[in-house]
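1. generate coordinates for the sequence data below:
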Amino acid sequence: MRIALLEDDPSQLELYGHWVALESHDPHRFECGQDLLNALTQGRFDLLILDWNLPDMSGLEVLKRIRQSSNVPVIFCTARESEDSVVSVLRAGANDYIRKPVRRRELLARIQAVVRRATIEDVEPDSLAVELFLVDYVQRTISRNGERLQLTDKDYALASFFLSNIERLLSRKLIHEKIWGVAGAGSVSSRTIDTHVCRIRGSLGLVAEHGWELKAVYGLGYRLERTNPASHGSLLRVCGEWMEPEET
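-> Predicted coordinates:
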């Protein structure tokens with residue numbers, strides 16, 4: 001893997017690069033945040049390891065700017081120990097967090113774990129069957145009782161997102177990011193989301209008499225719920241296998 005290392009301490013930077021190279025990865029070393037941001041416009045990395053204190057900007061600022069256009073896995077390394085620091089980098093989009101001093105085996109294990117999780121998330125199944133509904137990820141269609149529904153691209157994306165997250169509260173911010181992208185999150189109004197939700201509620205028949213409710217949770221977001229789980233089942237089928245939905 002091509003791994004970018006951002007660290008202002010040259011000795012630490014060299015050490016991390018040495019550890020990564022021993023595992024047959026390709027380390028790319030940066031001491032300034034802007035140098036890494038420039039490199040990201042020229043090529044692709046499989047993983048980023050970021051330090052907090054840098055000479056030109058904070059690692060947190062680097063992370064926020066990266067997340068405007070990229071979902072590349074990120075591990076954050078820093079000597080800061082406060083809970084607020086941990087929360088801030090995770091909310092900004094870091095996949096994992098390591099406190100200094102960094103230990104070789106821990107760093108390498110976290111690299112493997114983060115990349116493994118990212119790889120699993122990137123592998124989308126061909127379809128998702130939820131009771132009467134079939135989401136075809138290849139054709140980007142949704143069928144109900146075998147009848148293909150007429151949906152716009154955004155309505156398909158939003159409906160499939162709800163169907164793959166039944167019983168979970170989905171915040172407006174998360175819906176913005178997943179359906180309109182991180183860059184467009186701030187420019188999409190709440191009314192736009194409400195309009196699309198209202199439309200897919202009607203198109204898919206997500207109403208109580210059909211055993212469903214696409215519910216607005218005041219001040220938070222939306223949740224797709226079964227109104228009578230006992231009579232409608234509680235299993236999802238993903239790639240032919242039935243499984244229980246994860247808890248919120």
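
2. which helix runs longest in the protein?
-> helix 104-122 (DSSP state H).

3. which stretches of this structure have low pLDDT?
-> 119-125, 182-188, 228-248 (pLDDT under 70).

4. surely residue 17 is in contact with residue 25?
-> No. Look at residue 17 against residue 25 with CB atoms under 8 Å: they stay out of range, at 9.4 Å. In this view, the C-beta of every residue, glycine as well, is placed from N, C-alpha and C.

5. now do the helices in this structure.
-> Using DSSP H, helices in the chain cover 10-22, 33-42, 59-66, 83-91, 104-122, 153-163, 172-175, 190-204, 229-232.

6. neighbours of residue 218, how many?
-> Residues near residue 218, counting by other CB atoms under 10 Å, number 6.

7. repeat that for the one 3 residues further on.
-> Residue 221 is surrounded by 19 other residues when neighbours are defined as other CB under 10 Å.

8. export the helices of the chain to TSV and tack on mean neighbour count?
-> TSV is the format used below for the helices of the chain (neighbours: other CB atoms under 10 Å):
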stretch	mean neighbour count
helix 10-22	15
helix 33-42	15
helix 59-66	20
helix 83-91	13
helix 104-122	13
helix 153-163	20
helix 172-175	17
helix 190-204	16
helix 229-232	10
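
9. for these, give me a markdown table that also has distance to residue 2.
-> Listed next are the helices of the chain as a markdown table, based on distance: least, CB to CB, whole Å:
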| stretch | distance to residue 2 |
| --- | --- |
| helix 10-22 | 10 |
| helix 33-42 | 10 |
| helix 59-66 | 15 |
| helix 83-91 | 22 |
| helix 104-122 | 12 |
| helix 153-163 | 30 |
| helix 172-175 | 29 |
| helix 190-204 | 37 |
| helix 229-232 | 46 |
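
10. so which of those comes closest to residue 73?
-> Across the helices of the chain, residue 73 has its closest neighbour in helix 104-122 (4.5 Å, CB to CB).

11. quick one, the closest one and helix 10-22 angle?
-> Counting by axes from the mean of the first three to the mean of the last three CA atoms, to 10 degrees, helix 104-122 lies at 60 degrees to helix 10-22.

12. and helix 104-122, what does it pack against?
-> helix 10-22, strand 47-51, strand 74-78, strand 96-99 (3 or more CB pairs under 8 Å, 6 or more residues apart in numbering; DSSP states H and E).

13. let me know the angle separating the longest one from strand 47-51.
-> Angular relation of helix 10-22 and strand 47-51 on a 0 to 180 degree scale: 160 degrees, by the same axes, to 10 degrees.

14. likewise the third one?
-> Computed with the same axes, to 10 degrees, the direction of strand 74-78 lies at 20 degrees from that of strand 47-51.

15. about what we covered before: and the longest helix of the chain, C-alpha only, in PDB?
-> Below are the C-alpha coordinates for helix 104-122, written out as PDB (Å, rounded to 0.1, in the frame of the first residue of the first chain):
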ATOM      1  CA  ARG A 104       5.400  -0.500  16.300                       C
ATOM      2  CA  ARG A 105       3.200  -3.500  16.600                       C
ATOM      3  CA  GLU A 106       0.200  -1.500  17.600                       C
ATOM      4  CA  LEU A 107       0.600   0.900  14.700                       C
ATOM      5  CA  LEU A 108       1.000  -2.000  12.200                       C
ATOM      6  CA  ALA A 109      -2.100  -3.800  13.700                       C
ATOM      7  CA  ARG A 110      -4.200  -0.600  13.500                       C
ATOM      8  CA  ILE A 111      -3.100  -0.100   9.900                       C
ATOM      9  CA  GLN A 112      -4.300  -3.600   9.000                       C
ATOM     10  CA  ALA A 113      -7.600  -3.200  10.900                       C
ATOM     11  CA  VAL A 114      -8.400   0.200   9.300                       C
ATOM     12  CA  VAL A 115      -7.700  -1.000   5.800                       C
ATOM     13  CA  ARG A 116      -9.600  -4.200   6.300                       C
ATOM     14  CA  ARG A 117     -12.700  -2.300   7.500                       C
ATOM     15  CA  ALA A 118     -12.400   0.200   4.700                       C
ATOM     16  CA  THR A 119     -12.200  -2.600   2.200                       C
ATOM     17  CA  ILE A 120     -15.300  -4.400   3.600                       C
ATOM     18  CA  GLU A 121     -17.200  -1.100   3.400                       C
ATOM     19  CA  ASP A 122     -16.200  -0.500  -0.200                       C
END
